[in-house]
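Undergrad: A structural model of the following input is requested.
(one chain, ligands or ions: 1)
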Amino acid sequence: MDLSNKVAIVTGSGRGIGRAIALKLAEAGASVVVNDIEAKTVESVVGEIKAMGRSGLAVLADVSSAEDVKRLVEGAVSTYGRVDILVNNAGITRDRLLLRMTDEDWDRVLNVNLKGVFLTTRAALKYMVKQRWGRIISLSSIVGLVGNPGQANYASAKAGIIGFTRTVAKEVASRGITANAIAPGFIDTEMTENLEENLRQEVRKRIPLGYFGLPRDVAEAVAFLASEEARYITGQVLGVDGGMAISWL
Ligand code: NAP
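TA: Numbering: from 1, shown residues only. Next up is the predicted model:
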């Protein structure tokens, strides 16, 4: 996959899956805007990108804030002159069974995980539409497809991303822009490291391939969807889950 001369924004890319995506896109030749809310992590990922001989730009921004998102996308355009690839990766969890879930738990997860995708996509599309080329790739989750106790807020946001993606795909197809979602299963990152060992074992039993994925597994799929080779794929939800979703069928 050759992403030379492409400019990518990856939200929430200071660590975990987002970091792996930023590094993979840079490895494929893209200039990458690394975003997060923590200065230390974004600077370190930009350092890794520069060490590869590629270009990276750190922009601290909270994806749930329209003002921050405007600054993020305009920062990319003022530095690189364009934005070709947007990866909506930033995400959080606030898990609690529904009867105990607070309004704050609901609002924060929906604001970061779903409103953030709306704000960032809207801001980036403005430029992609003029360029008549673009790739929007949003991180949904297997939980958005099958649900998960304790994650009503997260599952709703991740299911919302799928409806959003299919709608955007229809709205902008005529402009040479594709929009797809990725639904990871269980990937080894800080988001999943706190699972208790007995729960990890239970989850592993439900994964046909028998192990948790790595951030790199998701990054490879993102790089493909971002490439010219994936030009005829839009409005899709790609599972990167070791076969976990089919074990529910
Ligand atoms: P992670 O390790 O918790 O990393 C999340 C990243 O998002 C961090 O860099 C975090 O920044 C950033 N972030 C959080 N809130 C933000 C905000 N308001 N604005 C900008 N950045 C923000 O998560 P992950 O496991 O890599 O997950 C990445 C994506 O994949 C998420 O959308 C997640 O829901 C999805 N996913 C993950 C799994 C899994 O098994 N890990 C499975 C399915 C889907 P800080 O470092 O500053 O907190």
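Undergrad: next up, the contacts around the residue nearest in space to the middle of the chain.
TA: Centroid check for the chain by CA atoms, centre = their mean gives Asn89 as the closest residue, at 2.2 Å. Going by CB atoms under 8 Å, 6 or more residues apart in numbering, Asn89 touches Val10, Thr11, Gly12, Ser13, Ile17, Gly18, Ile21, Leu139. In this view, the C-beta of every residue, glycine as well, is placed from N, C-alpha and C.
Undergrad: just to check, the second one is in contact with Asn35?
TA: Yes: because the distance of 4.9 Å satisfies CB atoms under 8 Å, Thr11 is recorded as touching Asn35.
Undergrad: once you drop chain neighbours, what's closest to the residue nearest to the centre of the chain?
TA: Gly18 (4.1 Å; CB to CB, 6 or more residues apart in numbering).
Undergrad: what about the one you found, which helix or strand?
TA: helix 16-27 (DSSP states H and E).
Undergrad: what pLDDT does the residue nearest to the centre of the chain get?
TA: Per-residue pLDDT puts Asn89 at 98.
Undergrad: circling back to that earlier point, quick check: neighbours shared by Thr11 and Asn35?
TA: With CB under 8 Å, 6+ apart, Thr11 and Asn35 have common neighbours Val63, Leu72, Ala90.
Undergrad: now do the SS call for the first one.
TA: Reduced to three states with DSSP: H, G, I helix; E, B strand; the rest coil, the structure at Val63 is coil.
Undergrad: strands of this structure, residue ranges please.
TA: Taking DSSP state E as the criterion, the chain contains strands spanning 7-10, 31-36, 56-60, 85-88, 134-139, 177-184, 237-240.
Undergrad: chain center to the first one, what's the gap?
TA: I take that to be strand 7-10. 11 Å (CA atoms, centre = their mean, to the nearest Å).
Undergrad: partner strands of that strand, parallel or antiparallel?
TA: Sheet pairing for strand 7-10, assigned by DSSP bridges, gives strand 31-36 (parallel), strand 85-88 (parallel).
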